[in-house]
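In: sharing a sequence plus its predicted fold:
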Amino acid sequence: MTSIAHRKRRRATGRLPVVLVLPAVLGLAFLLVPLVGLLVRAPWGTLPSRLFSASVGEALRLSLLCASLATVLCLVLGVPLAWLLARGDVPGRGVLRALVTVPLVLPPVVGGVALLFVLGRRGLVGQYLDAWFGVSLPFTTAGVVLAEAFVAMPFLVISVEGALRAADPRYEEAAATLGASRWLAFRRVTLPSILPGVVAGTVLCWARALGEFGATITFAGNFPGETTTMPLAVYLALETDPDAAIVLSVVLLLVSVGVLAALRDRWISGPS
């Protein structure tokens, strides 16, 4: 009986069908060959000198600064928003969740246009910021931070909301029976339990902000030293200095691989 079951399992898990393997191999090649080509074309001999050149260093410094500030902004706003979606008893919560995820599927250029017409000098909010406080956000470093936060925040919110939904609410209820307010229970009980989800969302958010292009160039422009981040520098360098564009692309590729490596247990590990 055991041998019969074993033969049936072997027939069910026998040779892989060519009709599935061939498209799978082609799909894998389609995804990996361009990345391999980028690494092959990289000027490895002059990579250190180019990496520490003035233009590349300036774009790298600005990118790291803006992505980090955008991530802080996303944490300040996104964690409470995720809590509201997961724990708050508010009407239309499903609609709110759908609206929060819109930037994930919205073309980044459209997001930049939306920010421009809301926060520009003649925008719905920007006109009052300019008239009352003399603050103009478009085409500034602050504009880069806002554009990056706009496209990156959903990654953080989704990750933290998922962690909140997976967390056992009975611990919060127990804290409430001991007299803890919801804010105290969140700080002392909920937040430590969902910390891995917050960290994962933060890393994804930072990586997405670092690679943002469309919303940034639309809302903040492309001014070296002020709004030219690494993706924008790659776009410019392709016309004048392709080797510099490759160097910046390799840096962004390494950052992406590093993010996946850091989150491998949460996002890319599968059953063995």
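Out: Happy to help now that I have it. Residues are numbered from 1 along each chain as shown.

In: give the helix, strand or coil label for V251.
Out: Secondary structure for V251, judged by DSSP: H, G, I helix; E, B strand; the rest coil, is helix.

In: ok, it - contacts?
Out: 51, 60, 230 (CB atoms under 8 Å, 6 or more residues apart in numbering). For the C-beta atoms, the positions are set from N, CA and C on the backbone; glycine is no exception.

In: shouldn't Y235 be in contact with F213?
Out: Yes - contact criterion CB atoms under 8 Å: Y235 and F213 qualify, at 7.1 Å.

In: and these two? Which one has more around it.
Out: More neighbours surround F213 than the other of Y235 and F213, with 18 against 15 (other CB atoms under 10 Å).

In: what residues does stretch 181-190 touch?
Out: 83, 164, 167, 171-172, 175-176, 180.

In: buried set for that stretch?
Out: 185-186, 189-190 (16 or more other CB atoms under 10 Å).

In: narrow the contacts of stretch 181-190 to those in strands?
Out: Members of the contacts of stretch 181-190 lying in strands (criterion: DSSP state E): none.

In: the residues you listed: which two are farthest apart?
Out: For these, the farthest-apart pair by CB to CB is L164 and A180; their separation is 17.2 Å.

In: who's more crowded, the two?
Out: L164 (23 against 16).

In: ok, the nearest residue to that one once chain neighbours are set aside - how many residues close by?
Out: Computed as CB to CB, 6 or more residues apart in numbering, the closest residue to L164 that is not its neighbour in sequence is A86, at 3.6 Å. Residues near A86, counting by other CB under 10 Å, number 21.

In: one step back: just give me the closest of the contacts of V251 to L129.
Out: M230 (28.1 Å).

In: ok, the closest one - contacts?
Out: 59-60, 63, 210-211, 248, 251-252.

In: against L164, how distant is the nearest residue to E212 once chain neighbours are set aside?
Out: Taking CB to CB, 6+ apart, and ignoring the residues beside it in sequence, E212 has E148 as its nearest neighbour in space, at 4.7 Å. Applying CB to CB, to the nearest Å, the value for E148 to L164 is 24 Å.

In: state the distance from the residue nearest to E212 to F52.
Out: On the measure of CB to CB, E148 and F52 end up 24 Å apart.

In: returning to what we had before: filter the contacts of stretch 181-190 to the buried ones?
Out: Buried among the contacts of stretch 181-190 (16+ other CB under 10 Å): 83, 164, 167, 172, 175, 180.

In: can you classify the closest residue to G112 other than its chain neighbours as helix, strand or coil?
Out: Once flanking residues are discounted, G112 sits nearest to T218: 2.7 Å by CB to CB, 6+ apart. Recorded secondary structure, T218: helix (three-state DSSP).

In: so T218 touches L116, yeah?
Out: Yes - counting by CB under 8 Å, T218 does reach L116; the two are 6.5 Å apart.

In: buried sites along the longest helix seen in the chain?
Out: Once the chain is assigned using DSSP state H, the helix that runs over the most residues is helix 54-87. For helix 54-87, burial by neighbour count (16+ other CB under 10 Å) applies to 55-56, 59-60, 62-63, 66-67, 69-71, 73-75, 78-79, 81-87.
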